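**Q** Below is the structure, and that's it, no one-letter string:
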């Protein structure tokens, strides 16, 4: 690539599943570490901590979020189809996975 | 006193060394973003500071051990307080932003137990230039000026 051939914007792409990368990272790494009991407990303690800004919201979504984090890698399409039968979607539930705030994690 | 922002490649190399010493089994890490550009500069012995310094590094990993360490380096952690920047785990799907053959141009290094893969600067810049924000353009100009890009 030389000085004058900077790529243009014409190839702009969205994440293939329409879920923002930052949101999907919460699912990908949440799934990866959910299978470790100590880390799962740590996440749950953090997400239910009254200092967590989304602790109350997490309580409302906890069942869906836990089910999603227990699901195997590669099951996104199947889960999305199941969720859609209930008026939800993978995108909606992924957004309900709370963030991790390092100052009290 | 450590730098309060991510501006040179030694900071990235030091972090990778530190991370490799924190894991107890073999692990993989793919580094993307401006931290990866800085790593290339350092790897080639180029001592050049990144304009519009970064506040994070963007790793991708399929290793539980590596991911655990990264969680302890997220925004707001002691790691961030000490280093002035943080770790921002990215999903593997972000690699779809690169050309399909990016791996053939990537640099692969062993750092202790860690296998580090860093896409070539040309590939790292593609998603940045798709975004086309002023900061990303400055990073492309910087990479060009310091000779990180292959001439075609």
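**A** Yep, it's here. Just so it is clear, the structure is predicted and the values come from calculations on it, not from any experiment. Numbering: from 1, shown residues only, chains lettered A, B, ... in the order given.
**Q** Can you give me the buried ones in stretch B:135-145?
**A** Neighbour-count burial for stretch B:135-145 flags B:136, B:137, B:139, B:140, B:142, B:143, B:144 (criterion: 16 or more other CB atoms under 10 Å in any protein chain shown). From N, CA and C alone the C-beta is placed, and that goes for glycine too.
**Q** Low-confidence regions, chain B specifically.
**A** Low-confidence segments of chain B (pLDDT under 70): B:1-3, B:151-152.
**Q** can you give me how far the longest helix seen in it is from the chain middle?
**A** Longest helix of chain B, by residue count under DSSP state H: helix B:9-22. Computed by CA atoms, centre = their mean, to the nearest Å, the chain-centroid distance of helix B:9-22 equals 11 Å.
**Q** picking that back up, among the buried residues of stretch B:135-145, which are in reach of chain A?
**A** Counting by CB under 8 Å from any CB of the partner chain, B:140, B:144 from those sit close to chain A.
**Q** need the buried residues of stretch B:135-145 in a markdown table with secondary structure, can you?
**A** Listed next are the buried residues of stretch B:135-145 as a markdown table, based on DSSP: H, G, I helix; E, B strand; the rest coil:
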| residue | secondary structure |
| --- | --- |
| B:136 | helix |
| B:137 | helix |
| B:139 | helix |
| B:140 | helix |
| B:142 | helix |
| B:143 | helix |
| B:144 | helix |
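**Q** Compute the number of surrounding residues for the closest residue to chain B within chain A.
**A** Per CB to the nearest CB, residue A:102 is where chain A lies closest to chain B, at 3.3 Å. Applying other CB atoms under 10 Å in any protein chain shown, we find 20 residues neighbouring residue A:102.
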